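>>> no sequence on hand, only this structure:
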Ligand SMILES: O=C(O)C(=O)C[C@H](O)[C@H](O)CO
């Protein structure tokens, strides 16, 4: 039986309601979100056995976060309760030509203070089949980079599949090493990499020349990108690259490609997503869809279609978490994008 473990930071997310800009009024909507937590929620919603691992303060904010994760049926028993604060992030939801914005208030958070040895990976990974983290975790601090590396090394020793969404965050890499210095080592322990072209460039130093803001993307360039990444990382079994053509804050072209280590290259259906409700978590819903698909569907093509459909649906849902079921995703991947009332 499959058992999934995800590891990384979760934050309190504070967002003004109704597309307001921050502090336009004195209302903020409080939810929780974080890349690896978002993946845990999706996998739990698809019916999988998931443990979410992080560090959180032993206070009412940490308690509320744990309660929220448990409400999805996620195992929270390996969350280390220490440190003084859960990180916060403020978001402003964009509209038309006004982009969405993120303001981080997370330094000194409980997870940013962890050190190797704080997590008992032997126990956490016992019986696990899949481990997921992202490039956000090593970006936080020298300690989180070391702990993430400790975790993936333990996974390799136990034969556990590792997936990583490179998730480059320019505002976060401040602790001394660059994303490229850290992630080029880390990627040698990763079986399934999820990225976009910026992630490949900033984290792996591998780039292609594409303009995501104008017209149709040239998919053949992504085949070249995949070949370059696979040649540098012979350990990698899959590389998935999401293709976002941003037309405005509420209109995206959304598709993806998937390359495998046997030289196969898969291209997904493309969704035109209009009236975006919330794009944060769109990448995580793609990653979790891919993880679920590779574990449960017959072919990599089906897994890719599931991932893109899951992500397209996420754009219609408020908050970081993709609250859809696998039936909702299979329905869309199967071709029903009508939005008709289901009775
Ligand atoms: O940006 C981050 O560090 C976050 O984890 C916040 C969001 O949850 C994340 O960006 C979604 O992928």
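On my side now, so go ahead. Computed from a predicted model, the values in this text were never measured in an experiment. Numbering: from 1, shown residues only.
>>> quick one: pLDDT of the closest residue in space to residue 47 that isn't next to it in sequence?
Spatially, and ignoring its direct neighbours in sequence, residue 47 is nearest to residue 326 (6.7 Å; C-beta to C-beta, 6 or more residues apart in numbering). Where C-beta positions appear, they are placed from N, C-alpha and C, glycine not excepted. For residue 326, the pLDDT comes out at 96.
>>> who touches residue 326 in this structure?
Residues near residue 326 by C-beta atoms under 8 Å, 6 or more residues apart in numbering: 45, 46, 47, 292.
>>> look up how far residue 198 lies from it.
29 Å (C-beta to C-beta, to the nearest Å).
>>> the residue nearest to residue 47 and residue 313, how far apart?
As judged by C-beta to C-beta, residue 326 and residue 313 stand 11 Å apart.
>>> residue of the stretch 51-200 of the chain closest to the ligand, please.
residue 136 (4.4 Å; C-beta to the nearest ligand atom).
>>> who does residue 13 form a beta bridge with?
residue 31, residue 89 (DSSP bridges).
>>> got the confidence number for it?
In this model, residue 13 is scored at 98, pLDDT.
>>> same check on residue 214?
pLDDT, residue 214: 56.
>>> same question for the one 4 residues further on.
Model confidence at residue 218, given as pLDDT, is 79.
>>> distance of it relative to residue 199?
Distance of residue 218 to residue 199, computed by C-beta to C-beta: 18 Å.
>>> same question, residue 205
11 Å.
>>> more crowded one of those two?
residue 199 (25 against 15; other C-beta atoms under 10 Å).
>>> ranges for the strands of the stretch 51-200 of the chain?
Taking DSSP state E, counting those that start in this stretch to define them, one finds strands in the stretch 51-200 of the chain at 55-56, 80-81, 88-92, 101-105, 130-134, 161-165, 192-195.
>>> what is the fourth one packed up against?
The helices and strands touching strand 101-105, judged by 3 or more C-beta pairs under 8 Å, 6 or more residues apart in numbering; DSSP states H and E, are strand 88-92.
>>> contacts for the strand it packs on?
Residues from elsewhere that reach strand 88-92, judged by C-beta under 8 Å, 6+ apart: 11-16, 20-22, 28, 33, 100-106, 280.
>>> among the residues you listed, which ones are buried?
11, 12, 13, 14, 15, 16, 28, 33, 100, 106, 280 (16 or more other C-beta atoms under 10 Å).
>>> may I ask which two of those residues are separated the most?
Farthest pair in those (C-beta to C-beta) is 16 and 106. Separation: 18.9 Å.
>>> next, count neighbours for the residue of the stretch 51-200 of the chain closest to the ligand.
Counted with other C-beta under 10 Å, residues neighbouring residue 136 total 21.
>>> and if you look at residue 128?
Neighbour count for residue 128, taken as other C-beta under 10 Å: 20.
>>> now residue 260
Neighbourhood size, residue 260 [other C-beta under 10 Å]: 17.
>>> that one against residue 238, yeah?
Yes: counting by C-beta atoms under 8 Å, residue 238 is a contact partner of residue 260 at 5.4 Å.
>>> need the residues touching each of the two.
With C-beta under 8 Å, 6+ apart, residue 260 and residue 238 have common neighbours residue 300.
>>> and residue 256, what pLDDT?
Listed pLDDT for residue 256 reads 96.
>>> ok, residue 336 next?
Residue 336 is given a pLDDT of 77.
>>> checking it next. Helix, strand or coil?
coil (DSSP: H, G, I helix; E, B strand; the rest coil).
>>> and it, its phi and psi?
Main-chain dihedrals, residue 336, degrees, to the nearest 10: phi -90, psi 90.
>>> can you offset everything so residue one is 4?
Let's use 4 as the start, then, which means that last one is residue 339.
>>> could you give the number of residues near it?
A count of nearby residues for residue 339, using other C-beta under 10 Å, gives 12.
>>> swap in the one 3 residues further on?
In terms of burial, residue 342 registers 8 neighbours under the definition other C-beta under 10 Å.
>>> residues contacting it?
Applying C-beta under 8 Å, 6+ apart, no residues contact residue 342.
>>> before we move on, back to that, can you tell me which of the contacts of residue 329 is closest to residue 64?
Nearest to residue 64 among those is residue 48, at 23.8 Å by C-beta to C-beta.
>>> so the closest one touches residue 331, yeah?
No: using C-beta under 8 Å, residue 48 is not in contact with residue 331; the gap is 9.3 Å.
>>> which one of those two has more residues nearby?
Set residue 48 next to residue 331 and count neighbours by other C-beta under 10 Å: residue 48 wins out with 23 against 17.
>>> measure how buried the spatially closest residue to the more buried one that is not a sequence neighbour is and give me the count.
Distances taken as C-beta to C-beta, 6+ apart place residue 328 nearest to residue 48, at 6.0 Å, with adjacent residues excluded. Look at residue 328: counted by other C-beta under 10 Å, it has 12 neighbours.
>>> give the contact list for residue 151.
Neighbouring residues of residue 151 by C-beta under 8 Å, 6+ apart: 10, 136, 140, 141, 189.
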